[in-house]
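# dropping the sequence and predicted coords here.
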Amino acid sequence: MVWTGRAVLPSLLTMSDTTGRRWHDMGGQDAGPVPMDGHDFALWEKRVDALMVLCGQKGLFTVDGLRRALEDMGEDAFESMSYYERWIAAVNQNLVEGGAYTLEELGERMQEIAARGSTYGEAQSDG
Amino acid sequence: MPHDHHDHFHHEGMSPSGHPYRADNDTPLTYWQRMEIAVRELLVEKGHLTPAEIAAQIEAMDARSPANGAAVVARAWTDPAFKARLLENASEASREMGFDIGPLNLIAVENTADTHNLIVCTLCSCYPRNLLGLPPDWYKTRAYRSRAVREPRTVLREFGLELPDHVTVRVHDSTADMRYVVLPARPEGTEGMDEAQLAALVTRDSMIGTGLPHRP
């Protein structure tokens, strides 16, 4: 069977809208006024940023790997998760894929952390 | 301008940047916070990172601010040879001033009497973070990313910036591999000012293109 460009189109469309662009490619879309409110970054957000930079520097994943994970999350994640929530999800996905630790180890550790306390401060291993 | 807090007084309960403090250590623990703690602990236990490296990285990021970019701009305003180097290779010129901008590939775009530059990342949040610090929240919003490339003058008006019709607006779309910073035009009436005085006029937004430097 001879494959043509047309033949692969349906699979591409599952990731794109009818214009052929993916959800994160927002340039030129309609949107409301620019929201001007901001916030100071929380410690956990700064830590996500630091993990992203350091793991990249150490070759545990690439920028492209992060971008793939972020873009594959889809538009729902953009609307329902905060910026650094999406980033820790992308960092984690790349680390699991790269074998830095297993999904099982992550799950066990997250359960253990929940038992330490009900706030971010209490949930630190040294806190 | 509502987005530019440099001129605001320090209100009770607000941080020096004019934003509410985040009580992140004593609000209910979220799923994603647990993930951050777990990822960090596992990376440390497996020898990929040390707590000191993480702390040093946060400290380095906290130390980066628009003041770094302002110093670069002020140097370019006072030293024509430096300005030429900046427009040729902004990464190298920034390093020359002692700013550790890592592997960042940085391009400086110059505002003139008839050209105004604006930077955006339509795909996500790419920003000259190693020079200016982390981007403001609005830079990462759907509204800014979508509209900056289509109706920049209308967007600039929302930032309180009305450009004359004869001024051409150039919008630069950043990527992870290519970041931009705006070299604003030196304001009139600053002839007698030294580099430090000039740097104080340079706002974050003037280096994104959503604002202009303060006037003396």
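Nice, thanks for sending it over. Residues are numbered from 1 along each chain as shown, chains lettered A, B, ... in the order given.
# quick one: contacts for A:W44?
The contact partners of A:W44, taken as Cβ atoms under 8 Å, 6 or more residues apart in numbering or on different chains, are A:84, A:120, B:24, B:33, B:36-37. Yep, even glycine has a C-beta here, placed from its N, CA and C like the rest.
# what about it, helix or strand, and which?
Taking DSSP states H and E as the definition, one finds A:W44 inside helix A:43-57.
# downstream of that helix, the next helix or strand is which one?
helix A:63-72.
# per-residue pLDDT, A:M26?
Looking at A:M26, its pLDDT reads 86.
# and for the one 3 residues further on?
Here the pLDDT value assigned to A:Q29 is 89.
# in this structure it contacts B:S146, no?
Yes: the criterion here is Cβ atoms under 8 Å, and A:Q29 meets it with B:S146 at 4.1 Å.
# the two: which is more packed in?
Shown here are A:Q29 and B:S146; by other Cβ atoms under 10 Å in any protein chain shown, B:S146 has more neighbours (22 against 18).
# by mean pLDDT, point me to the weakest helix or strand of chain A.
When each helix and strand of chain A is scored by mean pLDDT, DSSP states H and E, helix A:5-13 comes last, with a mean of 42.
# next, count neighbours for the closest residue to B:S125 other than its chain neighbours.
Leaving aside its chain neighbours, B:S125 sits nearest to B:K140 (4.4 Å; criterion: Cβ to Cβ, 6 or more residues apart in numbering or on different chains). Counted with other Cβ under 10 Å, the neighbours of B:K140 add up to 15.
# also B:D79?
13.
# low-confidence stretches in the chain?
With no chain named, the answer covers chain A. A:1-19, A:126-127 (pLDDT under 70).
# not quite, go with chain B.
Those would be B:1-26, if you go by pLDDT under 70 across chain B.
# now the helix holding A:W44: buried residues?
In terms of neighbour count (16 or more other Cβ atoms under 10 Å in any protein chain shown), helix A:43-57 has its buried residues at A:43-56.
# quick one, helices of chain B?
Here chain B has its helices, by DSSP state H, at B:31-45, B:51-63, B:66-78, B:80-88, B:90-96, B:129-132, B:142-147, B:152-158, B:195-199, B:204-208.
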